[in-house]
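J.: Output the structure for:
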Amino acid sequence: MISQSCSVVEFLSSEKERLQRFLAFLRERTVKAPIEEVFQLHLGYGFEILLERWRSWVLGRGTGSHRLPPSDICGALLEKVIPIVQDHGADQLERIQAIREMGRAGYVLGADALIEVLGKHDQIPAEEVV
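T.: Residues are numbered from 1 along each chain as shown. Coordinates of the predicted model:
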C-alpha cells in the first residue's frame, strides 16, 4: 500500500498544474466538507476517476529498465540478504526482515530467491514474499 500510495502522489505531482492543484488540496484545512468533495473541488474529479487516471498513467509508463544495483548494495544483497532468504533453517523473523530489505532496495537482483521461496510452500507467509 505504501508503494501504491507513493505512486499516486507521484502521478499527482507529474504535471505542474496538477501539482499546484494537489498542493492546494493538501493545504485545505476544512473539517466540514467530506475529503473527496474537497479533492474534487481542487482537482476537478473524485477518487474513482483519480484511480482510473493513475492506473492509465502507470500502464503508460511501462516496466522501465532494470539495472544492477550499485556495487555496495549488490554485495550486501549477494553476501548477506539473499543467503538469509534462502536459508530455510534461519530464524523466520530474520528471513522476513531480509525479504523486506530486498523489497526496500527495489532491485530485481534476488527475485529468483523469492520465487523459489514462493514455490516451495515455505513457512514464510506469501504476502511477505510478494
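J.: Give me the residues contacting stretch 78-89.
T.: 90, 94-95, 98-99, 101-102, 105, 109-110, 113-114, 116-117, 120, 122-123 (Cβ atoms under 8 Å, 6 or more residues apart in numbering). For the C-beta atoms, the positions are set from N, CA and C on the backbone; glycine is no exception.
J.: taking those residues one by one, which sit in helices?
T.: Residues of those located in helices (DSSP state H): 94-95, 98-99, 101-102, 105, 113-114, 116-117.
J.: Any of the contacts of stretch 78-89 buried? List them.
T.: 95, 98-99, 101-102, 109-110, 113-114, 117, 122 (16 or more other Cβ atoms under 10 Å).
J.: among those, which two are most distant?
T.: Between any two of these, the greatest separation by Cβ to Cβ is 19.7 Å, found for 109 and 122.
J.: still on that earlier bit, how about CSV for the buried ones among the contacts of stretch 78-89, with pLDDT added?
T.: Listed next are the buried ones among the contacts of stretch 78-89 as CSV, based on pLDDT from 0 to 100:
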residue, pLDDT
95, 94
98, 93
99, 93
101, 89
102, 89
109, 90
110, 90
113, 92
114, 92
117, 90
122, 81
